[in-house]
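# Sequence first, predicted model second:
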Amino acid sequence: MPYFPFIYQEINISLCAKFRLGVTDKNIFMIDSKIRKVEIELLWGQFSILWEMHEDVNILSGINGSGKSSILDCIASAFLHKDPEQHLTDILKELKIHSNDGIVFHFEEFKQPVKKFKALAKKSDQGIFKEMLKYLEDAESSSEKKISSVKFNFLDKNGLAKFRHNVNIDVISTFDTAITFEEETFDENVRTDLDRELYFLQKKYLDFQLKLAKSFQELLKTSPQDIHSTLEDKYKSLNLFKSYINSSFYGKKLDENNNQISFISNSNSKKIDVYALSSGEKQMLLILLTFLLQENKASIVFLDEPEISLHFDWQKKLIKMMRSLNPNAQLIIATHSPAMVMDGWMDKVFNIEDIKKFSDNKNELSN
């Protein structure tokens, strides 16, 4: 059964409440692992979005300030923000995220004068509004001040737990800013945001290699006759990752004798630490390493302007490389770069103006 824990607070002469729907369906294995459609009503109070997505690659284009990054941020926060309701409040009126199996996330903010709210709630056949009406009437009878307006949020995460069970969510930020001295540092060489992301990915990379080594030991025990073909399959993504890095990075190659990622100069065999790479190299390494560590699992990856600091040729190859490392990943990208789509991805581009829709913003109490 859904539950409605009310949080009541009187702010001047407004009544505020929050409604949450809990997870009720325990069948967590059947939900589709791709975003099929996103609906946003009144982002920043300016425009609405209806975005019918591809299951593989989705590229959002538009001029600066058109809302690309805000759209990606809203969608990603539904999955990853510890309090998506708080994050989305005052940014938009409504957000619905659909998979093939239905809505997996639904947030809506309602604002109404009391008189209009009562009239609409009495006409509505939805139980939540009957509950809210009773809540309002009780508040009015106990309040010394006249309540003139109602504001409440509706949050339904009924499908979110099922969806997250089957899919990995990654947000890749490639903006490289210096870490301030107040922030925690994990290594004296970690000086920027990209350094910090690579620091954590290095640990995951070590775990990834350990799993491969354990699978090798298991194969020796159980199926030694199949070890060559099986290992080739298991190491395919790792070898592909290494080939992409070695062919892309100028004057250096991966150090095969080091379990952590580091490099050797081609000219003098000098060792090069990962934190000594250029911003573009760190960015490329971060992106490709993220896809490698997904281990071909169903994933949704958000990338906001991944072309920053990347050479033109790298931009052209980037989507192909990401898809090769994990063909089960759904990419949701915001970009300004024509190069990103040159290698056969033009049919995956959505101009933000084409997915905008216009509404009369009646703010009715029906969905």
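Arrived safely, thanks for sending.

# Show me which positions of stretch 141-150 end up buried.
Using 16 or more other Cβ atoms under 10 Å as the test for burial, stretch 141-150 gives 149-150. Glycine gets a C-beta too; all of them are placed from N, C-alpha and C.

# again with stretch 165-178
Neighbour counts over stretch 165-178 (16+ other Cβ under 10 Å) mark 167-168, 170-174, 176 as buried.

# contact partners of it?
For stretch 165-178, contacts defined as Cβ atoms under 8 Å, 6 or more residues apart in numbering pick out 28-29, 31, 33-34, 76, 79-80, 191-194, 197, 279, 282-283, 286-287, 290, 294, 297-306, 308-309.

# What is the end-to-end distance of that stretch?
35 Å (Cα to Cα, to the nearest Å).

# and that stretch, average pLDDT?
Averaging pLDDT along stretch 165-178 gives 85.

# where's that stretch relative to the chain centroid, distance-wise?
Computed by Cα atoms, centre = their mean, to the nearest Å, the chain-centroid distance of stretch 165-178 equals 7 Å.

# Then stretch 214-229?
On Cα atoms, centre = their mean, the centre of stretch 214-229 falls 36 Å from that of its chain.

# for stretch 348-361, same thing?
In terms of Cα atoms, centre = their mean, the centre of stretch 348-361 is set 20 Å apart from its chain centre.

# So which residues of the stretch 51-200 of the chain form helices?
Under the criterion DSSP state H, counting those that start in this stretch, the stretch 51-200 of the chain carries helices at the ranges 68-80, 84-88, 114-123, 127-142, 160-166, 193-222.

# Figure out how far the third one is from the centre of its chain.
So the one you mean is helix 114-123. When C-alpha coordinates are averaged (Cα atoms, centre = their mean), helix 114-123 and its chain have centres 37 Å apart.

# Mind listing what's buried along that helix?
Within helix 114-123, the residues scored as buried using 16+ other Cβ under 10 Å are 114, 117, 120-121.

# that older thread, which one among the buried residues of stretch 165-178 gets closest to Ser61?
Comparing those against Ser61 with Cβ to Cβ places Thr174 closest, at 17.2 Å.

# what about the closest residue to Val150 other than its chain neighbours, distance to Ile147?
Leaving aside its chain neighbours, Val150 sits nearest to Phe117 (4.6 Å; criterion: Cβ to Cβ, 6 or more residues apart in numbering). Going from Phe117 to Ile147 by Cβ to Cβ, to the nearest Å gives 10 Å.

# what do those two both touch?
Leu136.

# so where do the helices sit in the stretch 201-350 of the chain?
227-234, 236-248, 279-293, 312-325.

# Please put the alpha-carbon coordinates of the longest one into PDB.
Read that as helix 279-293. Once non-C-alpha atoms are left out, helix 279-293 reads as follows in PDB (Å, rounded to 0.1, in the frame of the first residue of the first chain):
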ATOM      1  CA  SER A 279      43.900  17.500 -19.200                       C
ATOM      2  CA  GLY A 280      42.800  16.000 -22.500                       C
ATOM      3  CA  GLU A 281      44.600  12.700 -21.800                       C
ATOM      4  CA  LYS A 282      43.200  12.500 -18.300                       C
ATOM      5  CA  GLN A 283      39.700  13.200 -19.700                       C
ATOM      6  CA  MET A 284      40.000  10.400 -22.400                       C
ATOM      7  CA  LEU A 285      41.400   8.000 -19.800                       C
ATOM      8  CA  LEU A 286      38.600   8.800 -17.400                       C
ATOM      9  CA  ILE A 287      35.900   8.200 -20.000                       C
ATOM     10  CA  LEU A 288      37.300   5.000 -21.500                       C
ATOM     11  CA  LEU A 289      38.100   3.500 -18.000                       C
ATOM     12  CA  THR A 290      34.600   4.100 -16.800                       C
ATOM     13  CA  PHE A 291      33.200   2.100 -19.700                       C
ATOM     14  CA  LEU A 292      35.700  -0.700 -19.300                       C
ATOM     15  CA  LEU A 293      34.800  -1.000 -15.600                       C
END
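
# can you count the residues close to Ala76?
Using other Cβ atoms under 10 Å, Ala76 is surrounded by 19 other residues.

# if we can go back for a sec, so which of the buried residues of stretch 165-178 belong to strands?
168, 170-172 (DSSP state E).

# ok, these vs Ala139, which is closest?
Taking Cβ to Cβ as the measure, Ala139 lies nearest Val171 of these, at 39.2 Å.

# before we move on, the earlier item: want to throw the ones in strands among the buried residues of stretch 165-178 into a markdown table with distance to Gly65?
Listed next are these as a markdown table, based on distance: Cβ to Cβ, whole Å:
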| residue | distance to Gly65 |
| --- | --- |
| Asn168 | 31 |
| Asp170 | 26 |
| Val171 | 21 |
| Ile172 | 22 |
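
# so which of those residues comes closest to Ser267?
Nearest member of these to Ser267, counting by Cβ to Cβ, is Ile172, at 31.3 Å.

# Quick check: chain neighbours aside, which residue is closest to the closest one?
Leaving out its chain neighbours, the residue that sits closest to Ile172 by Cβ to Cβ, 6+ apart is Leu303, at 5.0 Å.

# circling back to that earlier point, which one of the helices of the stretch 51-200 of the chain is the most hemmed in?
Of all the helices of the stretch 51-200 of the chain, helix 68-80 has the most neighbours on average by mean count of other Cβ atoms under 10 Å, namely a mean of 20.

# Using CSV, write down the CA coordinates of that one.
C-alpha atoms of helix 68-80 as CSV (Å, rounded to 0.1, in the frame of the first residue of the first chain):
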residue,chain,number,x,y,z
LYS,A,68,21.0,21.1,-22.4
SER,A,69,23.0,20.7,-19.1
SER,A,70,20.0,21.4,-17.0
ILE,A,71,18.0,18.6,-18.7
LEU,A,72,20.8,16.1,-18.2
ASP,A,73,21.2,17.2,-14.5
CYS,A,74,17.5,16.8,-13.8
ILE,A,75,17.4,13.3,-15.3
ALA,A,76,20.6,12.1,-13.6
SER,A,77,19.5,13.6,-10.2
ALA,A,78,16.4,11.4,-10.2
PHE,A,79,18.7,8.3,-10.1
LEU,A,80,21.7,9.6,-8.1
